[in-house]
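Peer 1: Need coordinates for the below:
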Amino acid sequence: MLFDTHVHLNDKQFEEDLEEVIQRTKENGVSNVVVVGFDRPTITRAMELVEEYDFIYAAVGWHPVDAIDMTDEDLQWIEELAAHSKVVAIGEMGLDYHWDKSPKDIQKDVFRKQINLAKKVKLPIIIHNREATADIIEILKEENAHEVGGIMHCFSGSPEIAKECVEMNFYISLGGPVTFKNAKKPKEVAAEIPLDRLLIETDCPYLAPHPFRGKRNEPAYVKLVAEQIAEIKEITLEEVAKATTWNAKKLFGIN
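Peer 2: Numbers count the residues shown, from 1 in each chain. Predicted structure coming up:
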């Protein structure tokens, strides 16, 4: 069975055919998914989905692009939701220097607040990183994020950076880009990072793997990510599925 650790089934792109998407998810051997909420509407929808489907869990946090919009009330709300038995992580959080909606100093402040909240509620964190690697690693170290650990979501950095993150008690999560023919770094990471520190994800509806690149992604396609990792590591799909599912359940505290 496969565990997709990062989905956005709370996205409007799934409003029309969610049941069909979920049916394909199960048909492709996906046993669990974590739906990630990153602002008021997506967190609200994520919490609805965990109540409706037994195989769905949630992560709740605030996206760095929207950091400027987060209030103290929002942070308090996230803390309250963290007590729910099916909320398994805080995030996605981090830094995004590609878009310029939220100033860097505000992003950093919101990032630090969420790390400290995660330490308070004793949940792992999910890290969003876009063009901000050095600052993210610096903040993770300064805030002692290793105490809760977590996931480097949709990791796109070098094997050296991946190893540094593993040393800080983080798992490296690979998604659709590892299947892209020109994706050198994710393939190197898949080869070099031990299986016991890898996770798989789709980040659907974004970043669909080959041969669906450019189309809407969905959890069923996480199998293609696992197959690519198996091919790179020269092991079986079953070995990748078993290890990454075990890793996810261990991190999220799911029996």
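
Peer 1: For stretch 140-147, buried residues please.
Peer 2: Within stretch 140-147, the residues that count as buried by 16 or more other C-beta atoms under 10 Å are 140, 143, 145. For glycine as for every other residue, the C-beta is placed from the backbone atoms N, C-alpha and C.

Peer 1: actually stretch 97-115, not the one I wrote
Peer 2: Across stretch 97-115, burial judged by 16+ other C-beta under 10 Å covers 102, 107, 108, 110, 111, 113, 114, 115.

Peer 1: can you check stretch 236-252 too?
Peer 2: 237, 240, 241, 243, 244, 245, 247, 248, 251, 252.

Peer 1: per-residue confidence for the first one?
Peer 2: I take that to be residue 237. Listed pLDDT for residue 237 reads 98.

Peer 1: and if you look at the third one?
Peer 2: For residue 241, the pLDDT comes out at 98.

Peer 1: So it, which state does it fall into?
Peer 2: Classification of residue 241 by DSSP: H, G, I helix; E, B strand; the rest coil places it in helix.

Peer 1: wait, what's in contact with the closest residue in space to it that isn't next to it in sequence?
Peer 2: Leaving aside its sequence neighbours, residue 241 sits nearest to residue 2 (C-beta to C-beta, 6 or more residues apart in numbering; 5.2 Å). Residue 2 makes contact with 28, 29, 30, 31, 200, 222, 223, 226, 241, 244, 245, according to C-beta atoms under 8 Å, 6 or more residues apart in numbering.

Peer 1: how near is residue 2 to residue 44?
Peer 2: Look at residue 2 and residue 44: by C-beta to C-beta, to the nearest Å, they are 27 Å apart.

Peer 1: With residue 143 instead?
Peer 2: 27 Å.

Peer 1: So which bits of the strand ranked longest in the chain are buried?
Peer 2: Counting by DSSP state E, the longest strand found in the chain is strand 87-96. By neighbour count with 16+ other C-beta under 10 Å, strand 87-96 contains the buried residues 87, 88, 89, 90, 91, 92, 93, 94, 95, 96.

Peer 1: ok, for the first one, nearest residue in space, not its chain neighbours?
Peer 2: Counting by C-beta to C-beta, 6+ apart, residue 58 is the residue found nearest to residue 87 once chain neighbours are left out, at 5.1 Å.

Peer 1: Settle this for me: the one you found is touching residue 44, isn't it.
Peer 2: No. Using C-beta atoms under 8 Å, residue 58 is not in contact with residue 44, being 10.6 Å away.

Peer 1: So for these two, which sits in the more crowded spot?
Peer 2: residue 58 (24 against 14; other C-beta atoms under 10 Å).

Peer 1: per-residue confidence at the more buried one?
Peer 2: pLDDT, residue 58: 98.

Peer 1: show me what contacts it?
Peer 2: Residue 58 makes contact with 34-37, 43, 46-47, 49-50, 81, 84, 86-88 under the criterion C-beta under 8 Å, 6+ apart.

Peer 1: Give me the subset of the residues you listed that lies in helices.
Peer 2: With DSSP state H as the criterion, helices contain 43, 46, 47, 49, 50, 81 from among the contacts of residue 58.

Peer 1: Tell me the one of the residues you listed nearest residue 216?
Peer 2: Ranked by distance to residue 216 (C-beta to C-beta), these are led by residue 49 at 17.5 Å.
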